[in-house]
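In: whatever this is, show me its structure:
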Amino acid sequence: YVVQDGSPRMACSVGTSSCIVRSTFDFRAANPRNGARSQGVAELTLEISFAGPRPVIVSESSRVLRRFAPGPLSAAASTRPGA
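Out: Predicted coordinates for the structure are as follows:
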């Protein structure tokens, strides 16, 4: 996983003592046994609570924004903005 430059965004609420953090990232994964590959761009969303003595992730979700056709695992890196 590689976080895209400039993608992390955060919004906090003093009333709930929590923050929502969103980040877009490139991903690549492979299974050498069967040759399966997956690559693309996804978004991660975390809700972090600061109500207790230390920060706690209270929810986490992600979704794929774009998939790239199977090919060399280096293909995802070459499609990143600024790459």
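In: quick one: mean pLDDT for stretch 57-65?
Out: If you average the pLDDT over stretch 57-65, you get 96.
In: what comes into contact with stretch 50-67?
Out: Contact with stretch 50-67 is made by 16-19, 24, 38-49, as judged by Cβ atoms under 8 Å, 6 or more residues apart in numbering. Using the backbone N, CA and C atoms, a C-beta is placed for each residue, glycine as well.
In: low-confidence ranges, the protein, go.
Out: Counting by pLDDT under 70, the chain contains low-confidence ranges at 70-83.
In: cutoff 50 now
Out: Applying pLDDT under 50 to the chain flags the ranges 73-83.
In: show me where it has strands.
Out: 2-3, 9-13, 18-31, 36-49, 56-67 (DSSP state E).
In: just to revisit the earlier point, among the contacts of stretch 50-67, which ones are buried?
Out: 18, 24, 39, 40, 41, 42, 44, 46, 48 (16 or more other Cβ atoms under 10 Å).
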